[in-house]
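*Asks:* Curious how this folds, go ahead:
(chains A, B and C)
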Amino acid sequence: MQKEIDYKKLLNSAQFDAVTTLEGPVLVIAGAGSGKTRALVYRVARLVESGIPPESVLLLTFTRKAAQEMLERAAGLSDARCRFVSGGTFHSLAHRVLRSHAELLDYSNSFTILDRSDMEEAIHSLVPGPRLPKGIHKFPKRSTLADIISKSANLERPVEDLMEEEYAQFIEFIPQIKSLETGYRNYKQANHLMDYDDLIINLRKLLIDYPDVRTQLSLRYRYIMVDEYQDTNSIQSDIVRWLAHEHRNIMVVGDDSQSIYSFRGANYRNMFEFPVHFPETRIIRLEENYRSTQPILRLANALMDKASEKFTKCLFTNRIGGEQPKVMDTMTGPGQAQFISRYIINQLHHGHSITDFAVLFRSGYHSFELEAELNRQGIKYTKYGGFKFLESAHIKDFLAHLRVMVNKDETVSWQRVLGLIKNIGPARTASIIKWMREDSIGPADIEKWPGSGRNADMLKPLSLLFTKLASLHGTDPEKAVEQVMEYYSTILEDKFDDYPRRKKELDQLLPMARRYKRLGDFIDDLVLEPPNSSNELSQGDKTELLTLSTIHSAKGLEWPTVFIIWATEGRLPPSRAYQNPSVLEEERRLLYVAATRAKDHLIVSYPGQETMPLWQFNNRSENGSQSRLSSFLNSLPEGVVSYGSIGNGEKRPVRSWQREDSGRKNTNYEKYNASCVPLDNTVSQDLSTGDRVNHPAFGAGVVSRFISGDKIEILFKNAGRKLLHLEYTKLEKII
DNA sequence: CATCACGCTGTTTTT
DNA sequence: CAGCGTGATG
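*Replies:* Numbers count the residues shown, from 1 in each chain, chains lettered A, B, ... in the order given. As a prediction, this is how the structure comes out:
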């Protein structure tokens, strides 16, 4: 099985150094497309080949999938035993360790992991009842609260400092939020819950406070590699230091210019600090780029040239020629969608394949218009990012049932499970949970619950639930999923009108569950490695749409042609305004990452006339929006990019329609949501934002915005919500 | 007590 | 669009 590898021949000299320096601390600064993954894969192979037991090698990556793929490659390359190398994320490592040592930290070893939405729910439930004095300002909502608390934990900064800087809107609530933070912490401890942040923090605590755990781990993992080091936060970098404390065989690989996770506390300065902590560090630079043409690299270099802090490196390639990157002003949002899809169609006629293209954008909803246009043109695409599988209500519901089976003290999930039953709301849920706690009676005794206003109508489903759960105690994951499905599908059908779609998604859980022996493991993995939204399963000949943050975890890493949608947006909160230098730095790095994914063609497209969706416009002052792009473009030397624009006189941006017609609030326009598509529906063919339409019953309306790939929102005068599901095929476009 | 209809507000990214 | 609060209804 073992094969001889000629490392010298297969690697360039910098890569060779990285692969063959096995002992001591190594920092690899790997520019975009410089064969970083290749270096890691070969190094794993080399380590195993040189006789080091695979179990004592640890490869920490950004996603577990990434680790598995690398190990698989290494295994194919040389020694099949590479598969036994330990690989995963910081979170999965922390999880593994904490499952056997959590008791040291006054946690049960069978603690429950809270995903982001659980965290929000828990925090929300701790907010004191009456919503605080009805002042002018509103108390932050649960997602913001979670943001603040999580960020404070990740950055290890007191809530008040953080809020003064980044959440200035809410400074008046600092005392309440501080006590909420403490309350949340106590709640987690009391109920044996850990959120994502706790996993990391508690692992560090173990490493620092318990020398025997530290030595044990250090002895176990004698050779450690960390990928995407620029995306670690300072707690994770502490972990790296302590893990390597005994043997100092640690290689970190990253690119400070490619840090895209600062919003969750990632600190690319870890790259600079590594040599400080390990003075004997060997620094290796990978600067030869094997991906892009020279003009694209020139843009990338020029972009980073202006960055305030960086490891100086300069990407170069031996490829000659290539087109200059193009910055395309498409005037309007619809224009942008049309431009991109026409470009693709045009190229398809010239022998390109549909998989040659990728469109990168900043956030989920930027792609909506494009998705609609691609659908109309029959161009197949896969979208990564945006809504998460785990976040959708039906998945959360389902998971909650599984969770209470594993841990019957799990209040958050109980609330969810019980609340799903008819006529059981917050009050009775709380009462039942209290009753279960205090009387510690077997769940089959639900009949004895002394709830107020209880009657057969609620007792019947309750006892059904409890007998089902009791009968499933200790069964295997497959059976559990099957049975919960049987119970939950009635509720599902009742609760959602798009029942079939959600059922189909739930059905995916069954094959997943089969791979596990213990239900708890299945749940942990779902939380630690949430599957992407459903279309991940359907790959094939498709153009890819990606949010930038999914780049590391999405399948493709490079494409012949890359479009970047760099949309303008509405006004940002003060802390996020583009005048803020750190925000600009963040944007700069994002643009760099996006640009360097392109092999041959790079087109940055933006709607120059800033098309804000109507709903956004209505809430904003006139001068709400700023171009994210202009500050970068202005700073580039001559000739690095070329400019183009399309004129599109006919389609007017939403904005001017607003001005002429009503001039301000749209309160006399009611919302009307319609399912757009099917594609052969001629009426929907060429609608775009700003178009006026006519409906026989409701009169004039205007296309407000795209909701998702197949829905548009139309604003009508005098049409109430009840009309939501009305036929809209009678819509006529008014030219 | 639970539920529903309504109106208002605010939106980036994810392990 | 979701998420939130409010007030009426059963």
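
*Asks:* Is the nearest residue to residue A:377 once chain neighbours are set aside part of a helix or strand, or is it coil?
*Replies:* Spatially, and ignoring its direct neighbours in sequence, residue A:377 is nearest to residue A:341 (4.9 Å; Cβ to Cβ, 6 or more residues apart in numbering). Where you see a C-beta, it was placed from the backbone N, CA and C, and this is true even at glycine. State at residue A:341, reduced to three classes by DSSP: H, G, I helix; E, B strand; the rest coil: helix.

*Asks:* give the contact list for residue A:341.
*Replies:* A:370, A:373, A:374, A:376, A:377, A:379 (Cβ atoms under 8 Å, 6 or more residues apart in numbering).

*Asks:* Pipe those residues into TSV and attach secondary structure, pLDDT and neighbour count per row.
*Replies:* What follows is those, written out as TSV (DSSP: H, G, I helix; E, B strand; the rest coil; pLDDT from 0 to 100; neighbours: other Cβ atoms under 10 Å):
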residue	secondary structure	pLDDT	neighbour count
A:370	helix	84	28
A:373	helix	82	22
A:374	helix	84	23
A:376	helix	78	18
A:377	helix	82	14
A:379	coil	85	19
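
*Asks:* Which one of the residues you listed is nearest to DNA strand B?
*Replies:* Taking Cβ to the nearest atom of the strand as the measure, DNA strand B lies nearest residue A:370 of those, at 14.5 Å.

*Asks:* Return the residues in contact with the residue lying closest to residue A:464 once chain neighbours are set aside.
*Replies:* With Cβ to Cβ, 6+ apart as the criterion, residue A:464 has its nearest non-adjacent residue at 7.5 Å, and that residue is residue A:487. Shown in contact with residue A:487 (Cβ under 8 Å, 6+ apart): A:401, A:464, A:465, A:468.

*Asks:* tell me which residues of the host helix or strand of residue A:487 are tucked away?
*Replies:* Per DSSP states H and E: residue A:487 is located in helix A:477-495. For helix A:477-495, a neighbour-count test (16 or more other Cβ atoms under 10 Å) marks A:477, A:478, A:480, A:481, A:483, A:484, A:485, A:487, A:488, A:491, A:492 as buried.

*Asks:* On the C-terminal side of it, identify the next helix or strand.
*Replies:* Heading C-terminal from helix A:477-495, the first helix or strand you meet, by DSSP H and E, is helix A:499-507.

*Asks:* Let me see the ranges of the helices in the stretch 201-350 of chain A.
*Replies:* With DSSP state H, counting those that start in this stretch, the ranges of helices along the stretch 201-350 of chain A come out as A:211-220, A:234-243, A:269-277, A:294-305, A:333-349.

*Asks:* Reformat those helices as JSON lines; add mean pLDDT and distance to residue A:74.
*Replies:* As requested, the helices of the stretch 201-350 of chain A are exported to JSON lines (pLDDT from 0 to 100; distance: least, Cβ to Cβ, whole Å):
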{"stretch": "helix A:211-220", "mean pLDDT": "91", "distance to residue A:74": "20"}
{"stretch": "helix A:234-243", "mean pLDDT": "94", "distance to residue A:74": "21"}
{"stretch": "helix A:269-277", "mean pLDDT": "91", "distance to residue A:74": "24"}
{"stretch": "helix A:294-305", "mean pLDDT": "89", "distance to residue A:74": "28"}
{"stretch": "helix A:333-349", "mean pLDDT": "86", "distance to residue A:74": "36"}
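
*Asks:* what would the ones you listed look like in a markdown table with distance to DNA strand B?
*Replies:* Converted to a markdown table, those look like this (distance: least, Cβ to the nearest atom of the strand, whole Å):
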| stretch | distance to DNA strand B |
| --- | --- |
| helix A:211-220 | 19 |
| helix A:234-243 | 9 |
| helix A:269-277 | 15 |
| helix A:294-305 | 18 |
| helix A:333-349 | 15 |
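
*Asks:* Nearest approach to residue A:170 belongs to which of these?
*Replies:* helix A:234-243 (24.6 Å; Cβ to Cβ).

*Asks:* May I have the predicted confidence score for the closest residue to residue A:218 other than its chain neighbours?
*Replies:* Nearest residue to residue A:218 in three dimensions, chain neighbours excluded: residue A:246, at 3.7 Å (Cβ to Cβ, 6+ apart). Predicted confidence (pLDDT) at residue A:246: the value is 88.

*Asks:* Okay, residue A:246 and DNA strand B: tell me how far apart.
*Replies:* Using Cβ to the nearest atom of the strand, to the nearest Å, residue A:246 is found at 26 Å from DNA strand B.

*Asks:* can you check residue A:476 too?
*Replies:* 26 Å.

*Asks:* which SS class is the residue nearest to residue A:86 when sequence neighbours are not counted?
*Replies:* Take residue A:86 and drop its neighbours on the chain: the residue closest to it by Cβ to Cβ, 6+ apart is residue A:58, 4.9 Å away. Using three-state DSSP, the structure places residue A:58 in strand.

*Asks:* what does the one 4 residues further on give?
*Replies:* Of the three states, residue A:62 takes coil under three-state DSSP.

*Asks:* Quick one: neighbours of it, just the number.
*Replies:* 18 (other Cβ atoms under 10 Å).

*Asks:* thinking it is in contact with residue A:90, fair?
*Replies:* No: counting by Cβ atoms under 8 Å, residue A:62 sits too far from residue A:90 to count as a contact (9.4 Å).

*Asks:* got a pLDDT number for residue A:534?
*Replies:* 41.

*Asks:* same check, this time on the one 3 residues further on
*Replies:* Predicted confidence (pLDDT) for residue A:537: 44.

*Asks:* quick one: the residue nearest to residue A:86 from DNA strand B, how far?
*Replies:* Applying Cβ to the nearest atom of the strand, the value for residue A:58 to DNA strand B is 15 Å.

*Asks:* just residue A:120 next, same as before
*Replies:* In terms of Cβ to the nearest atom of the strand, residue A:120 sits 10 Å off from DNA strand B.

*Asks:* can you tell me which helix or strand that residue belongs to?
*Replies:* Residue A:120 belongs to helix A:116-126 when assigned by DSSP H and E.

*Asks:* Is the next helix or strand after that helix in proximity to DNA strand C?
*Replies:* Heading C-terminal from helix A:116-126, the first helix or strand you meet, by DSSP H and E, is helix A:142-155. Yes: using Cβ under 7 Å from any atom of the strand, we find that helix A:142-155 touches DNA strand C at A:142, A:143.

*Asks:* Kindly calculate the angle that helix A:142-155 makes with helix A:234-243.
*Replies:* Interaxial angle of helix A:142-155 relative to helix A:234-243 (axes from the mean of the first three to the mean of the last three Cα atoms, to 10 degrees): 40 degrees.

*Asks:* What residues of helix A:142-155 count as buried?
*Replies:* So for helix A:142-155, counting by 16+ other Cβ under 10 Å, buried means A:142, A:145, A:146, A:147, A:148, A:149, A:150, A:151, A:152, A:153, A:154, A:155.
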